[in-house]
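S.K.: next comes the sequence, and after it the predicted model I'd like to discuss.
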Amino acid sequence: MSSPFRVEVLGAAHDRTVFACGVEALDQYLVSQVTQDIRRRVSACYVAVEAASGRVAGYYTLAAGGVPLNDLASDLIRRLPRYPSVPVARIGRLAVDRSFQGRQLGAALLADAALRAARSEVAVHALVVDAKDDAAAAFYRRHGFEPFGGQSRQLIVPLARFKAG
């Protein structure tokens, strides 16, 4: 049995105009800002497309980054070299269209982001996200992310832990 969704790089053929996740900033980003960020090479965007209709059901953005080693909990840095920063992949945005919510698509997009980061030819130790609100932070915590840097909505998960969980 095939999956009802496929995840692919955002392209010109994807119709983004009808996407509505319920958070205006996330909807507008997909419609009007994401292509500029891609063109400037500050972010990559991946979309979940419903196989039957070709409709964009969800998306996430991913970018390279670093976090100060001193901001991480001791259990996270135990086996890391003592470089000033740790290489990470940052999830900038993750959203699922209202029509597709409640189908575990957000979790599937998160897993796809972790897999892409782990397969990257650029070294990446963890995924990082700045959760937009408490509900988003709770979503990421359910998937193994932990707060760091003294901010309750700044969250991290080592890729090894994500793959194991």
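M.R.: Here it is on my side, so go on. Just so we're clear, the structure is a prediction, and the values are computed from it rather than from any experiment.
S.K.: from here on, just use CA atoms for contacts and neighbour counts.
M.R.: OK.
S.K.: for this structure, which spans come out with low pLDDT?
M.R.: Per-residue confidence of the chain (counting by pLDDT under 70) places the weak regions at 1-2, 162-165.
S.K.: for the most centrally placed residue in it, pull up the helix or strand it's in.
M.R.: The residue at the geometric middle of the chain, judged as the C-alpha nearest the mean C-alpha position with Cα atoms, centre = their mean, is Ile91 (3.4 Å). For Ile91, the element it lies in under DSSP states H and E is strand 85-96.
S.K.: contacts for that strand?
M.R.: 20-21, 26, 57-69, 105-106, 109, 113, 117, 123-130 (Cα atoms under 8 Å, 6 or more residues apart in numbering).
S.K.: may I have the top helix by length along the chain as CSV, with CA atoms only?
M.R.: The helix spanning the most residues in the chain, taking DSSP state H as the definition, is helix 105-119. Backbone C-alpha positions of helix 105-119 (Å, rounded to 0.1, in the frame of the first residue of the first chain) are rendered in CSV as follows:
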residue,chain,number,x,y,z
LEU,A,105,1.2,14.5,9.2
GLY,A,106,3.1,16.9,11.5
ALA,A,107,4.9,14.0,13.1
ALA,A,108,5.7,12.6,9.6
LEU,A,109,7.1,15.9,8.5
LEU,A,110,9.2,16.1,11.7
ALA,A,111,10.6,12.6,11.0
ASP,A,112,11.4,13.6,7.4
ALA,A,113,13.3,16.6,8.7
ALA,A,114,15.3,14.5,11.0
LEU,A,115,16.1,12.0,8.3
ARG,A,116,17.2,14.7,5.9
ALA,A,117,19.4,16.3,8.6
ALA,A,118,20.9,12.8,9.4
ARG,A,119,21.6,12.1,5.7
